[in-house]
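In: Got a predicted structure plus its sequence, pasted below:
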Amino acid sequence: MAQSSNIDGISIHILPNGMTVTLERLPYLHSATAGVWVQSGSANEQPHEAGVAHFLEHLFFKGTKNRNVRQIMEAIEGRGGHLNAFTSREHTCLHVRMLSRHIHTGIEILGDLVNNSLFNDVEKERNVILEEIATIEDTPDDYVHDLLTEYHWPNHPLGRPIFGGVESVSGLTRDHMQTFYNTWYAPENLYFSVAGNFDEGAVLEQISGLFENIPARQIPALDAGPSFHAGVNILPRDIGQAHVCLGFPGPTLCDQERYICDLLSSVLGGGSTSRLFERIREDEGLAYAIYTFHAFHQSTGMLGVYAAVAPQNFKKVMGLVFEELRRIREESLSEEELDMNREQIKGNLLMAMENTSTRMSRMAKSMMYYGRILTVEEIIRHVDEVTCEDIQRIAQNTFTPEKCAVVVLGPTNGCKLDRVPL
């Protein structure tokens, strides 16, 4: 019998084999979104198998013991639904959105994919993935982010591209997929989440029937977190713009300082009123794309800046970016600016909660990484507790030359950026 509890309108069930099920019923909707998550991604890979988690995600859709590829998609699309999947550095998710009267079909398909896939068509799918890798490498605004993580977290799984590289993907076999699946797709590593309009009792019974017979088994320990690397890496490429990424060490997923970094990122480059956007795009007209980003993982984190600039503007833009980093480090921001960014973060959070996919994902990731449901009220409380002094303290500790990694992809008009002017 499953162990059950309820918090914030979400029912939580732990099946006897250790799998976690989270359900949130929203009876005023016409649909529901269901997802099965595994707490494994590219961070769980060894160097020789880089890309195996993402490759495996593709193979789930290549036929099961019960359905061929067309039958899988007909079962979903023939009922007006949508089926997809994604792989990240620390988790993989297969998800489906269906009208409420068909959600049982979507859940059954997810169970069939995870439990009965044959891992067919390895060679055909290898070519598809190699094309994906080529697409990323031909898209400099995406590719420079992969180059930054590799440079900032060298010789560590978190630093490798999620898709793997051409060499590693070319060497993967069906045995690699099966071994990775057998190692990481264990019940205590699996999370099933459903949000929307559905019959809660019937859905829990269905999920239990699909997954409760998977035997429990021990999950290997992950590698320790990476050490960060600072410095400048300029990679010339004959393209129209220089694509720039700056990376700084950030908090982990479980560090309360992630709320401060959220606000720091928002103030610097989170929207059209942010400092970098206003200074570099609006005031100077030197860039179309400039923003900040952050990545919080279990063992580490990163706070970063991205900009795409014409070669003749590269030197000036870099000077302005570092000037703004120094300014937020040396001068306390106003309460008015903090409040405006607080409201932006809270507004984004609350409006996203109107989407069943967001609610489904929130439940699964909350249980996966925190072992409990982080309520919206709790998150908002932490955002409201951040002070101007907190933001300046984090900026002073973070924006230093010895913590800054800079990766540039493209032409720089002869500017070499020999040092980080912080």
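Out: Thanks, I have it. Residues are numbered from 1 along each chain as shown.

In: can you pull out the strands in the stretch 201-350 of the chain?
Out: 231-235, 242-250, 289-296, 301-309 (DSSP state E, counting those that start in this stretch).

In: how about those strands, which one is nearest residue 180?
Out: Residue 180 lies closest to strand 289-296 among the strands of the stretch 201-350 of the chain, at 22.9 Å (Cβ to Cβ). Every residue, glycine included, has its C-beta placed from N, CA and C.

In: Now do that closest one: everything it contacts.
Out: Contact with strand 289-296 is made by 141, 145, 149, 250-253, 255, 258, 261-262, 265-266, 268-270, 274, 276-277, 280-281, 301-308, 317, as judged by Cβ atoms under 8 Å, 6 or more residues apart in numbering.

In: Tell me who's in contact with the residue positioned nearest the centre of the chain.
Out: The chain has residue 88 as the residue nearest its centroid, 5.4 Å off, counting by Cα atoms, centre = their mean. Listed by Cβ under 8 Å, 6+ apart, the contact partners of residue 88 are 41, 42, 162.

In: Count the residues that sit near the closest residue to the second one other than its chain neighbours.
Out: If I follow you right, that is residue 42. Residue nearest to residue 42 in three dimensions, not counting chain neighbours: residue 162, with 4.6 Å by Cβ to Cβ, 6 or more residues apart in numbering. Residue 162 is flanked by 21 other residues according to other Cβ atoms under 10 Å.

In: Surely residue 162 and residue 89 touch.
Out: Yes: counting by Cβ atoms under 8 Å, residue 162 sits close enough to residue 89 to count as a contact (6.2 Å).

In: So which helix or strand of the protein has the lowest pLDDT on average?
Out: strand 3-7 (a mean of 82; mean pLDDT, DSSP states H and E).

In: Partner strands of that strand and their direction?
Out: The strands beside strand 3-7 in its sheet (DSSP bridges) come out as strand 10-14 (antiparallel).

In: Downstream of the strand it pairs with, the next helix or strand is which one?
Out: strand 20-25 (DSSP states H and E).

In: That following strand packs against which elements?
Out: Strand 20-25 sits against strand 10-14, strand 190-196, helix 200-211, helix 356-370, with contacts defined as 3 or more Cβ pairs under 8 Å, 6 or more residues apart in numbering; DSSP states H and E.

In: avg pLDDT for the third one?
Out: So that's helix 200-211. Here helix 200-211 scores 97 as its mean pLDDT.

In: by how many degrees do that helix and strand 10-14 diverge?
Out: 30 degrees (axes from the mean of the first three to the mean of the last three Cα atoms, to 10 degrees).

In: tell me which residues in helix 200-211 are buried?
Out: Buried residues in helix 200-211, defined by neighbour count with 16 or more other Cβ atoms under 10 Å: 203, 204, 206, 207, 208, 210, 211.

In: Next one: the residue of the chain positioned farthest from its centre, what pLDDT does it get?
Out: Distance from the C-alpha centroid of the chain peaks at residue 414, with 35.0 Å (Cα atoms, centre = their mean). Note on residue 414: pLDDT of 88.

In: burial measure for the closest residue to residue 5 other than its chain neighbours, as a count.
Out: Nearest residue to residue 5 in three dimensions, chain neighbours excluded: residue 12, at 4.9 Å (Cβ to Cβ, 6+ apart). Using other Cβ under 10 Å, residue 12 has 19 neighbouring residues.

In: Could you measure from residue 12 over to residue 163?
Out: In this structure, residue 12 and residue 163 are 33 Å apart, going by Cβ to Cβ, to the nearest Å.

In: swap in residue 30?
Out: 35 Å.

In: who has more neighbours, the two?
Out: Comparing residue 30 with residue 163 by other Cβ under 10 Å, the one with more neighbours is residue 163, at 23 against 9.

In: check contacts around that one.
Out: So residue 163 contacts 51, 54, 129, 132, 133, 136, 169 (Cβ under 8 Å, 6+ apart).

In: thought residue 392 was touching residue 334?
Out: No: counting by Cβ under 8 Å, residue 392 stays clear of residue 334, with 11.7 Å between them.

In: Domain parsing of this protein, as residue ranges.
Out: 3-211, 231-409 (automatic domain parsing).

In: of all those, which lies closest to residue 420?
Out: When those are compared (using Cβ to Cβ), the closest one is domain 231-409, at 4.3 Å.

In: is it fair to say the residue nearest to residue 42 lies in a helix?
Out: No: per DSSP: H, G, I helix; E, B strand; the rest coil, residue 162 lies outside any helix segment and is coil.
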